[in-house]
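# Fold the following and give me the result.
(chains A and B)
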Amino acid sequence: MRAEGGTTRMHKAGIRLAAVIFAAAVAFTLKGQAPVQNSTTQGPVTFERLLKAADEPGNWLMYSHSYNSWRYSSLDQINPQTVKNLHVKWIFQGRHVEKFETTPLVANGIMYLTRPENAIYALDAATGRQLWSYEYRNPARTYNCCGKVNRGLAMLGNTLFMNTLDMHVVAVDARSGHEIWKTEMGDYTAAGGYAAPGAPLVVGDKLIVGMAGGEHGVNGFLDAYDTKTGKRLWRFNTIPQPGEPNFGTWAGDSWKTGGVTTWNNGSYDPETNTLFWGTSNPWPDYNDDTRLGDNLYSCSVLALDPDTGKLKWFFQFTPHDLHDWDSTQIPILLDTEFQGQRRKALAWANRNGFYYLLDRTNGKFLTAKAFVKQTWAKGFDDNGRPEVIPGNEPTPEGNDHTWPGVDGGANWMSHSYSPLTKWLYVFAREEHRLFSKNAVPHPTTEAPDRPLAPGALPNAGAYDPAMGGAKTQNFGAPEESWGKVIAIDPGTGAVKWEHRVLTPPWGGVMATGGNLVFGGTLEGVIFALNSTTGERLWTFSANGPVFASPISYLANGKQMVSIPAGDLIVTFGLD
Amino acid sequence: MFKQSGLVAASLVAALTLATPLAAQSRSAGTGNAAAGKAIFDGKGGCGACHSIGDRGASLGPDLGDIGITRTPKSLRLALTDPDAEIFKEYYTVVVETKGGEIIRGLALNEDDLSIQIRDINGYPRSFLKDNLKTTHREQRSLMPSYASRLSDAEINDVVTYLRTLKGPPLPPDAKHPRQPNHPYSDVTFLNRIGRDSEERPDSLLNLLEIPAGATVAEIGSGTGYFTWRLAEKVGHPGKVFAVEVQQNMLELTSETVKKHQLSNVQLVLGGEHDPHLPAASLDLVFMANAYHEFTDPEAMIIAVNRALKPAGRLVIIEFAEGHPFGPQDKAERMTINQIRAEIEPLGFDLDRVLELLPIQHGLIFTKRP
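Okay, the predicted model is just below:
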């Protein structure tokens, strides 16, 4: 047994079952593996290729690798037998102090990544050598809540797309780094300030773009732009406006400043032509005096028609949220057995601490199960509405007994689904914090409304560039907060194994066809776990916090794994 | 300069609030001999083997350069006689046991999932791979030995008295506040803001001050009466609160709050810009929250406050912290600890303590210099 922070637990029946699945799946993947890809022979990234992105394991063509957002690479050269030989192949030096939250794309042997604030770099994916760079200059003052970060790009044809902190979308030629068009989504200084730190998503000939600013009393939306011209094609208001369905779930005029932003990435189901996107919490975050009601469509998943932006259905995970529990996690589309029936499902490990399974064809609630310690909900009714336990509300001098904490059981970093094990992998956060019923800042205030950690200064950040790494919140108090990679059976929500780590994470995970799960901790320990057992097989000490999710691709026929840590992008491979 | 150890500050507050010692005794500035205390500190106490004062010295224990204003005499005495009683989490003893059976104790320097770094009891940094360890755990105990049986009561008093003289490095000469004269604060919306309790923690703050029932207290800048009614409830009868305002309209707001709480021990005072109009040598405590920076003639006001205090009376100043991302953004409405000290101490006050309770404000307790 390892010392604290290194323990693993596993479900014995699960291992036996998984071993069978593993053997079968390895045989399948070996047989079905795409031929080794040459880095130069492929053409533009068409929508047809994006639809089949999972079949191009040599590339990483969109934020979550494929439209179902599995963040799964079928590559298997790196596996439990070979992973011990995994080593650094190259490093990209970001030379910036801001957090690296990007997911790079890889197409045709070139890696495209965003570097804070809004620069794009094109690198040779085999060596990390730079081919070109592009820098979008934001004004000095932007209104990002949580760092001047960017989470990545979308790609179509030979064009890359990036959102900017001052609420623009830019299209850049992937061959040259030259700007093709630039569109303003909206006034970034309106209300308390808007920003767009997420990665966009291409669907057909449209670019789907979300926005942030939920701490600043904004009015949220999700946009679609013409990928050729940058012209806006539709806008979905995430707060119903007067005359729209579901208007009136906000007391008085609170809907005007209710937040409900769309700051992460979404998913797309080509079979039903449906776009899935999560929404943020309502504003003011911890003070509901002025916003009685369910506050639709906050803390929800939206199912939209990508052609028109029309709402097909929605499901609200946390009605009338009081804890900043955004539902901006990446929607994971998978088919699974539920109570003996095959279902087209949506799997969602939510910031509120519950794992949800929904029917993705109609939004019907199937089941929910806590995946971290939680104190706020007794259970759920048939429609998935939580039965709230009183006493978890923020209080004037602060409530520190509510689990999960403000950053949630999950947050924005990616989860991963492996068709090999048929399990969902979540890098979860266990902690409690101080929820104070703070002042309602004026919507144009500069100070975001953030609750205090127990007894600590507001915004005592998790990231401390001066220390070159993480301020471990649980330093000296491992029972107060910790992290864990868990394997969840999507049909039941049962946890199959758990790999505990020292600190609640800010990095995501990626499962691979090599029966591995990759991720990185806040202290910068990059790891590979056996995806059937949770056993830790390999580590690398990057000593810079991981605030992003890994990817995998082929360079000259060799599997590579890349992950940002600190201001570096570290890429690993075998000889 | 001031280490923020918020987690501990909260529990410390709880501990201090639970205890109800005689207020005067717990606040006494130490009855020992500081020079004798320093001799013990440097000599037979061996304190310097683990602690630094300012930039110089050992680093196994916390730096004590400003311990005299961050801890009360009672808390210092407790730390000497029972070091485990009020221990900061970063000073928990880390115990690692190697697979070979060796047990090493120290303080945590760093840790991740693969390794742990500690400073051992000899002061040396050491690193251990967790794979080579049998166990790692933290004990809610201090590495510091108890002096309860090593030093006499009188010697402990001497050490406490010496530690109380450690109040940080000398104040920089330019630590004056960029004051905006004629800037009376009258934003009632701000004073009545809904979340004020979570920012200013009024109940915890006043509990921490251990104001005895029956005390005579003045609040200068009573505003909407936010602290006034709480102070009045604390002192009760025969205690008394003078609520001072330089603005008549604010005094009326104070009055409304006092009436709402049905209090009869509050006397409203219309103060002047140079004089709060308080009776001489009559007050146990003067309290001012977010008001001092507004004074047009701060020096005259503080001299008058000093005059109005009884011997060893206390002055409590709360101000929004300069440089903090929260609170008013206007620099004129924020102060640093050094600015407050540089203006107050020369006017007949000693800094007794800096509170660690308030998330976005500084709270300083001064005592009238004999």
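
# Low-confidence ranges, the chain, go.
You didn't pick a chain, so chain A it is. Scanning chain A for pLDDT under 70 picks out the ranges A:1-41, A:438-478.

# ah, no, chain B please
Residues of chain B that meet the criterion pLDDT under 70 lie in B:1-30, B:180-186, B:194-195.

# domain assignment for it?
Domains of chain B are assigned by automatic domain parsing as B:6-85+B:153-163, B:93-139, B:188-368.

# can you pull the contacts of residue A:400?
A:432-435, A:454 (C-beta atoms under 8 Å, 6 or more residues apart in numbering or on different chains). C-beta coordinates here come from the backbone N, C-alpha and C atoms, glycine included.

# for those, which one is nearest residue A:99?
Proximity of those to residue A:99 (C-beta to C-beta) peaks at residue A:433, which lies at 19.6 Å.

# wait, what's in contact with the closest residue to the closest one other than its chain neighbours?
Using C-beta to C-beta, 6 or more residues apart in numbering or on different chains and skipping the chain neighbours, the partner closest in space to residue A:433 is residue A:405 (3.4 Å). By C-beta under 8 Å, 6+ apart, residue A:405 lies in contact with A:429, A:431-433, A:453, A:481.

# Could I get the domains of chain B in CSV, plus columns for distance to chain A?
What follows is the domains of chain B, written out as CSV (distance: least, C-beta to the nearest C-beta, whole Å):
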stretch, distance to chain A
domain B:6-85+B:153-163, 3
domain B:93-139, 4
domain B:188-368, 3
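
# which one of those domains lies closest to residue A:51?
With C-beta to C-beta as the criterion, residue A:51 lies closest to domain B:93-139 of the domains of chain B, at 38.8 Å.

# what about that closest one, start to end distance?
Taking C-alpha to C-alpha, to the nearest Å, domain B:93-139 runs 5 Å from one end to the other.

# thinking again about what came up before, name the pair among the contacts of residue A:400 with the greatest separation in space.
Maximum pairwise distance among those (C-beta to C-beta): 9.9 Å, between A:435 and A:454.

# Between these two, which contacts overlap?
Shared contacts of residue A:435 and residue A:454, defined by C-beta under 8 Å, 6+ apart, comprise A:398, A:400.

# the more surrounded of these two?
Neighbour count, other C-beta atoms under 10 Å in any protein chain shown: between residue A:435 and residue A:454, residue A:435 has more, with 26 against 21.

# Residue B:85: how many residues sit nearby?
By the criterion of other C-beta under 10 Å, residue B:85 has 12 neighbours.

# what's the answer for the one 4 residues further on, then?
Counted with other C-beta under 10 Å, the neighbours of residue B:89 add up to 17.

# tell me the phi and psi of it?
phi -60, psi -30 (degrees, to the nearest 10).

# Just the strands from the stretch 251-370 of chain B, written as ranges.
B:266-270, B:283-289, B:309-321, B:334-335, B:349-355, B:361-368 (DSSP state E, counting those that start in this stretch).

# For residue A:295, give its distance to residue A:354.
From residue A:295 across to residue A:354, the span is 18 Å (C-beta to C-beta, to the nearest Å).

# just to revisit the earlier point, quick one: the contacts of residue A:400 as TSV, columns for secondary structure and distance to residue A:69 too.
Shown next, in TSV, are these (DSSP: H, G, I helix; E, B strand; the rest coil; distance: C-beta to C-beta, whole Å):
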residue	secondary structure	distance to residue A:69
A:432	coil	29
A:433	coil	28
A:434	coil	33
A:435	strand	30
A:454	coil	34
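
# between the residues you listed, which is closest to chain B?
Using C-beta to the nearest C-beta, residue A:454 is the member of the contacts of residue A:400 that lies nearest chain B, at 6.1 Å.

# quick one on the thing from earlier: of the domains of chain B, which stretch is the most buried?
Most buried of the domains of chain B, by mean neighbour count (mean count of other C-beta atoms under 10 Å in any protein chain shown): domain B:188-368, with a mean of 20.

# Could you work out the end-to-end span of it for me?
Distance between the two ends of domain B:188-368: 32 Å, counting by C-alpha to C-alpha.

# ok, which stretches of the stretch 1-150 of chain B are strands?
Residue ranges of the strands in the stretch 1-150 of chain B, as given by DSSP E, counting those that start in this stretch, are B:52-53, B:56-57, B:93-98, B:103-111, B:115-120, B:125-129, B:133-139.

# Please name whichever of these is nearest to residue A:266.
strand B:103-111 (37.1 Å).

# Now do the closest one: distance to the chain's middle.
Offset of strand B:103-111 from its chain centre (C-alpha atoms, centre = their mean, to the nearest Å): 29 Å.

# Kindly report the same for stretch A:314-329.
In this view, stretch A:314-329 has its centroid 15 Å away from the chain centroid, taken as C-alpha atoms, centre = their mean.

# just stretch A:167-183 next, same as before
Centroid displacement of stretch A:167-183 relative to its chain, using C-alpha atoms, centre = their mean, is 24 Å.

# end to end, how far does that stretch reach?
Its first and final residues considered, stretch A:167-183 spans 9 Å by C-alpha to C-alpha.

# any idea which residue of chain B is furthest from its center?
Distance from the centre of chain B peaks at residue B:100, with 45.9 Å (C-alpha atoms, centre = their mean).

# can you give me phi and psi for that one?
Here the main-chain torsion angles of residue B:100 (degrees, to the nearest 10) amount to phi -80, psi 0.

# if we can go back for a sec, so the residue nearest to residue A:433, which of the three states?
Secondary structure, DSSP: H, G, I helix; E, B strand; the rest coil: residue A:405 is coil.

# Just list the residues touching residue A:394, thanks.
Listed by C-beta under 8 Å, 6+ apart, the contact partners of residue A:394 are A:286-287, A:322-323, A:435-438, A:451, B:198.

# who's in contact with residue B:320?
Residues near residue B:320 by C-beta under 8 Å, 6+ apart: B:290, B:327-328, B:333-335, B:360-362.

# distance of the residue nearest to residue A:433 from residue A:524?
For residue A:405, the distance to residue A:524 (C-beta to C-beta) stands at 22 Å.

# again with residue A:247
Residue A:247 is 47 Å from residue A:524, where distance means C-beta to C-beta.

# who has more neighbours, the two?
Each of residue A:247 and residue A:524 has its neighbours counted (other C-beta under 10 Å); residue A:524 has more, 23 against 14.

# Could you count how many residues lie near the closest residue to the more buried one other than its chain neighbours?
Distances taken as C-beta to C-beta, 6+ apart place residue A:542 nearest to residue A:524, at 4.1 Å, with adjacent residues excluded. Neighbours of residue A:542 under the rule other C-beta under 10 Å: 22.

# residues contacting residue A:542?
By C-beta under 8 Å, 6+ apart, the neighbours of residue A:542 are A:520, A:524-526, A:565-566, A:568, A:570.

# Just flag the most distant two among the contacts of residue A:394.
A:323 and B:198 (14.5 Å).

# Distance-wise, check the residue farthest from the centre of chain B relative to residue B:121.
Going from residue B:100 to residue B:121 by C-beta to C-beta gives 19 Å.

# Shouldn't residue B:162 be within a helix?
Yes - applying three-state DSSP, one finds residue B:162 inside a helix.
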